[in-house]
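> pasting a predicted model and its sequence here:
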Amino acid sequence: MAIDPIRRRPPLLLLFLFLFVGIWAPVESEYIAYNTTQRIVPDKLNVHLVAHTHDDVGWLKTVDQYYVGSNNSIQGACVQNVLDSMVTALLADENRRFIYVETAFFQRWWRQQNNAIKKIVKELVSSGQLEFINGGMCMHDEAAVHYIDMIDQTTLGHRFIKQEFGQTPRIGWQIDPFGHSSVQAYLLSAEVGFDALYFSRIDYQDREKRKDLKSLEVVWRGSKTLGSSADIFTGIFPKNYEPPPGDFYFEVNAESPVIQDDVLLFDYNVEERVNDFVAAAIAQANVTRTNHIMFTMGTDFKYQYATSWFRQLDKFIHYVNKDGRVNALYSTPSIYTDAKYAANESWPLKTDDFFPYADNPNAYWTGYFTSRPALKGYVRTMSAYYLAARQLEFLIGRKNSGPTSDSLADALAISQHHDAVSGTEKQHVANDYAKRLSIGYAEAEKLVESSLACLTSSDSKSGCYKPAMKFEQCPLLNISYCPPSELDLSTGRNLVVLLYNSLGWKREDVIHIPVISESVVVHDSEGREIESQLLPLADASVYIRNHYVKAYLGISPSVKPKFWLAFPVSVPPLGFNTYFVSNSKQPGAAMSSLYSSQGSKSSSIEIGQGHLKLLYNADERKLSHYFNTRNLVKANVEQSYSFYAGYDKNGTDLQASGAYIFRPNGSFPIKPEGQAPLTILRGPILDEVHQQINPWIYQVTRVYKRKEHTEVEFIVGPIPIDDGIGKEVATQVTTTMMTNKTFYTDSNGRDFIKRIRDYRSDWKLQVNQPVAGNYYPINLGIYMEDNGTELSILVDRSVGGSSVLDGQIELMLHRRLLHDDGRGVGEALNETVCINDKCEGLTVQGKFYLRIDPLGEGAKWRRSFGQEIYSPLLLAFSEQDGGNWTSSHIPKFSAMDSYSLPDNVALITLQALEDGSVLLRLAHLYEVGEDKDLSTMAYVELKKMFPDKKVSKITEMNLSANQERDTMEKKRLKWKAEGSTGSGTVVRGGPVDPTKLVVELGPMEIRTFLINFGYIFFPRMGQP
């Protein structure tokens, strides 16, 4: 297609210029002063040369190995060299420009520089020669990350840049993640204050159509709720984030021909290289609107000797501009964005997201939605812990010394990298991420324990300085290992169980702790005995406990608990409650009744003591019906397991299934082997159904008396591979619902996006992979609906999922593969756990939750219980030797007195900052029209939220808290979209009156504030 004649030279003239061969008169060799001063020329095709490096914060090497340049047998990469040589190269010519993205690396480098270098770098930043782009600690993933983690890691990087340089990044630069989410567009770009977002990876079919239509650059409207108020100009690169086709790589050892312009030397090639450049420019201009194009001059870990690149870019700018056919200039994405904006174009409108991503017909990058499920679960667990730890740090006051949450913040930030939580790194790098999280947790654990000791102390003078109470926590509670709860209570000691609730509303829940004796009784903080239930520890749980405690801690558990003790708890918002477990000579906790389906006189078995009932087929040993006596929802429901055989590299097609790519080679049902019966446990609090699906899959289904959803806990692994077949394990929930190919998945835990099987809204999809091509990332949940009901499944970590058949939802739970998929990691996804040099495949334990509601009524459960999944109760343990614990400690506390946040609002950040201010974020949980009662304006009364603190100043900030919201709104570019009539009615909260201190939140709105308190009176209150 020809270049648009309205804005550029006529096509025939352009063709003539392209074919024209200039006269390059030979002259004597002499020093050449390259003219790099060129700026934008209005009537020419402007080629913006953006010098950049893409530095993965871990992938083939660990983050620190990449930084210092060690372990180069894997990959020759040293970020220190990049940053050192970048400074020297920029100083050599004031017209040169460079962008840097990964703040985790820059922060490491910055801390090592002397004041002279820091002064020089600050001048380079101030002049615009060096520009920070994106600005987060890493370039986070967009599929396997939760929106709170995306916000936190971006804020951490932005705060560093603001504090050290006074700069606010303008541009989003997500050039390498494997697909792009709507939350990235409207939340992590528009709401951050970015003027544009640029990336590379979209589906190969989508890219080709966009090139034909010149729609690689669009206005992306990622939120149907916030509409055009959160639009972001988005540029998709024509091929990738590397230099254009035509050999333009100039690392020291690169093979591309350099410009040889010394006439006294052989291989003089100025004319040839200029023609190559102009050809590449015209080719890109023919798929781009306006007379501005961007050449991304760099790629992974380049500019290690920056002069080798800049020398060539200097020459290209000099000689291309002498040639005159196009205009070349040093630029940045900010300069490029301003040029696009100045063209006053209307751009194609894009809605929804860019998932799934495929780079060829049999290569859908949907496997990584589930890859390394244990790491994904660990990241999610640490994310919730970090949120709670920051709250506790705020409640007791941030100290200049002692434990903080900072180490965990750094580890979590790096873990959001698109080759970290995604599961697409080498195994030793995954180990490094886990190690960093563990170190960060250990530091935050000390903070949490000292904070809780402080808050429970009744001595207001010394309680926070020398707390007498010692609390312990159980990071391995999920595998039933909790030494503090495994006390021998027969000696008269009592177990103190403190539960902290990081949510902004009161929480009713049931907790489980392992105990060694059946002679136990539970009392609440007011001394009342409460109902409790004992459930025998399953053999599968005992095996995991023994094996993985040895693997993780290097020790074998010295005590063997016999039971899970389950009891209901009630915890006030932003506060804690205390419960006491003691020995009982009289009947205390109710022992669960145990039944087996074997020999059952009835062909069906019903479980559930409350409104929710599940019916199992005793003969087939599987779920058959779901019934809720309150809302009369009744459904035929079955659950099953299967595995996809991972495609190997046999035959002519070498595309295997691997860490990134899901390419199934057939689906195989997993049926119970032999006649393993169902084991049913019944009790006053919950019922359980235990199923040994096969030798390496065990499942527990729980129905709680006072809850109306089903909890499914699965143990999958070690996945056998002795047959030479890699396996990708999935579970299916099958109903008779008529869903018409339609289902809904969340975007990073926020908006739900409508999915239609074998369909894309932006182009006519050619279906090559009917399963992998319909998989989507799930961070919160997935649901489907028909004309009467909706079935929702919520998850405890990122997984891949789909509705491959009508009426069915499928989740992929675990993957173990034997081949690399050819996308760079160079390893098969074959995770193992070793003890004493004996290794076996990784076993994964996790949960998902299922509920069926009348049509239109499921959102409240998805949103409210989704918050409970993300932020579980934080448990801490102590012991009491005689005496009355409640008389010497505060047993129950809420920082908000009797106030609770509205049901549609979540507290996602409450953090004391180093400068004494407090960072507060409140999030509306509902989209427009999602719930008839809760998709409305919400109001948060800060005076009631902070009853013992006086707000002296409140400033609304952008999402990453590096600029005031008003300032951001005034300067952020507003783009025109083709066919758009504006945002319609968008409901947003108004300014906060400093006297009333009421925060308004419209649907899907997140508001960020910096608060200064005139004084902080530490609350010494008992029960709220």
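Looks like it arrived, so ask away. Predicted model only: the values in this text are computed from it and were never measured.
> what residues are up against C138?
V57, E102, T103, A104, Q153, G157, A413, I414, Q416, H417, H418, A420 (C-beta atoms under 8 Å, 6 or more residues apart in numbering). (Each C-beta comes from the backbone N, C-alpha and C, glycine too.)
> got phi/psi on the third one?
Taking degrees, to the nearest 10, you get phi -70, psi -30 for the backbone angles of T103.
> what distance do you get for it to I693?
According to C-beta to C-beta, to the nearest Å, T103 and I693 sit 45 Å apart.
> of the two, which one has the most company?
Comparing T103 with I693 by other C-beta atoms under 10 Å, the one with more neighbours is T103, at 27 against 22.
> look up the closest residue to the residue nearest the centre of the chain, ignoring the ones flanking it.
The chain has V145 as the residue nearest its centroid, 1.2 Å off, counting by C-alpha atoms, centre = their mean. Excluding the flanking residues, the one nearest V145 by C-beta to C-beta, 6 or more residues apart in numbering is Q416, at 5.2 Å.
> any idea how far the one you found is from A430?
14 Å.
> which of the two has more neighbours?
Remark: of Q416 and A430, Q416 carries more neighbours, 27 against 22, as counted by other C-beta under 10 Å.
> pretty sure F567 is touching V522, no?
Yes. Shown here, F567 and V522 form a contact pair, counting by C-beta atoms under 8 Å, at 4.7 Å.
> rewinding a little: just the closest of the contacts of C138 to N779, please.
Nearest to N779, judged by C-beta to C-beta, of the contacts of C138 is Q416 at 12.2 Å.
> OK, contacts around the closest one?
Listed by C-beta under 8 Å, 6+ apart, the contact set of Q416 reads G136, M137, C138, H140, D141, V145, D149, M150, Q153, V379.
> I'd like to know how far it sits from E142.
10 Å.
> same thing with L614?
From L614 to E142 the distance is 36 Å (C-beta to C-beta).
> which one's more surrounded, the two?
E142 (30 against 21).
> so how far is S917 from the spatially closest residue to the more buried one that is not a sequence neighbour?
Nearest-residue entry for E142: S181, 4.3 Å, with adjacent residues in sequence omitted and distances by C-beta to C-beta, 6+ apart. Distance of S181 to S917, computed by C-beta to C-beta: 30 Å.
> more crowded one of these two?
Using other C-beta under 10 Å, the more surrounded residue of S181 and S917 is S181, with 30 against 17.
> what does the pLDDT read for that one?
Model confidence at S181, given as pLDDT, is 98.
> kindly report the same for D881.
69.
> repeat that for I835.
pLDDT for I835: 89.
> burial count for it?
Neighbour tally, I835, other C-beta under 10 Å: 14.
> pretty sure it sits against N546.
No. Counting by C-beta under 8 Å, N546 is not a contact partner of I835; they are 10.0 Å apart.
> longest helix of the protein?
Determined from DSSP state H, the single longest helix within the chain is helix 427-456.
> elements contacting that helix?
Judged by 3 or more C-beta pairs under 8 Å, 6 or more residues apart in numbering; DSSP states H and E, helix 427-456 is in contact with helix 373-396, helix 406-415, strand 493-501, strand 575-583, strand 874-881.
> just the buried positions in that helix, please.
Buried positions in helix 427-456, judged by neighbour count with 16 or more other C-beta atoms under 10 Å: 429-430, 432-434, 436-437, 440-441, 443-445, 447-456.
> that one to strand 493-501, inter-axis angle?
Taking axes from the mean of the first three to the mean of the last three C-alpha atoms, to 10 degrees, one finds helix 427-456 and strand 493-501 inclined to each other by 100 degrees.
> what's the angle between helix 427-456 and strand 874-881?
Calculated by the same axes, to 10 degrees, helix 427-456 forms an angle of 50 degrees with strand 874-881.
> next one: helix 427-456 to chain centre, how far?
Offset of helix 427-456 from its chain centre (C-alpha atoms, centre = their mean, to the nearest Å): 19 Å.
> what of stretch 313-330?
With C-alpha atoms, centre = their mean, you get 42 Å for stretch 313-330.
> so what touches it?
Stretch 313-330 has contacts (C-beta under 8 Å, 6+ apart) with 17-18, 20, 22, 32, 34-36, 38-41, 44-49, 51, 93, 95-97, 250, 259, 261, 270, 273-274, 277-278, 281-282, 297.
> and with 6 Å instead?
For stretch 313-330, contacts defined as C-beta atoms under 6 Å, 6 or more residues apart in numbering pick out 17, 22, 34-36, 38-39, 41, 44-47, 49, 95-97, 259, 270, 274, 277-278, 281.
> list the residues that contact the closest residue to K649 other than its chain neighbours.
Leaving aside its chain neighbours, K649 sits nearest to A656 (5.0 Å; criterion: C-beta to C-beta, 6+ apart). Residues in contact with A656 (C-beta under 6 Å, 6+ apart) are Y647, D648, K649, H819, D821.
> look up how far S422 lies from A656.
Distance from A656 to S422, by C-beta to C-beta: 18 Å.
> again, but for A876
Taking C-beta to C-beta, one finds A876 at 32 Å from S422.
> the two: which is more packed in?
The residue with more neighbours, out of A876 and S422, is S422; 29 against 25, by other C-beta under 10 Å.
> distance across stretch 776-792, terminal residue to terminal residue?
Chord length of stretch 776-792, first to last residue, is 15 Å (C-alpha to C-alpha, to the nearest Å).
> to clarify, my last question referred to stretch 69-88.
Note: stretch 69-88 ends 19 Å apart using C-alpha to C-alpha.
> list the buried residues of it.
69, 71, 74-75, 77-87.
> what residues does it touch?
Residues outside stretch 69-88 that contact it (C-beta under 6 Å, 6+ apart): 53, 55, 60-61, 65-67, 98, 105, 109, 301, 303-306.
> could you pull up the mean pLDDT of it?
Mean predicted confidence for stretch 69-88 is 97.
> likewise for stretch 1001-1012?
The model assigns stretch 1001-1012 a mean pLDDT of 97.
> now that stretch: buried residues?
Buried positions in stretch 1001-1012, judged by neighbour count with 16+ other C-beta under 10 Å: L1001, G1002, P1003, M1004, E1005, I1006, R1007, T1008, F1009, L1010, I1011.
> ok, now stretch 850-865?
L850, R851, I852, D853, G858, A859, K860, W861, R862, R863, S864, F865.
> stretch 395-408 now?
In stretch 395-408, counting by 16+ other C-beta under 10 Å, buried: L395, I396, R398, P403, T404, S405, S407, L408.
> got it, and stretch 247-264?
In stretch 247-264, counting by 16+ other C-beta under 10 Å, buried: F248, Y249, F250, E251, A254, I259, D261.
> so which bits of the longest strand belonging to the chain are buried?
Under DSSP state E, the strand in the chain containing the largest number of residues is strand 634-646. Residues of strand 634-646 classed as buried by neighbour count (16+ other C-beta under 10 Å): A635, V637, E638, Q639, S640, Y641, S642, F643, Y644, A645, G646.
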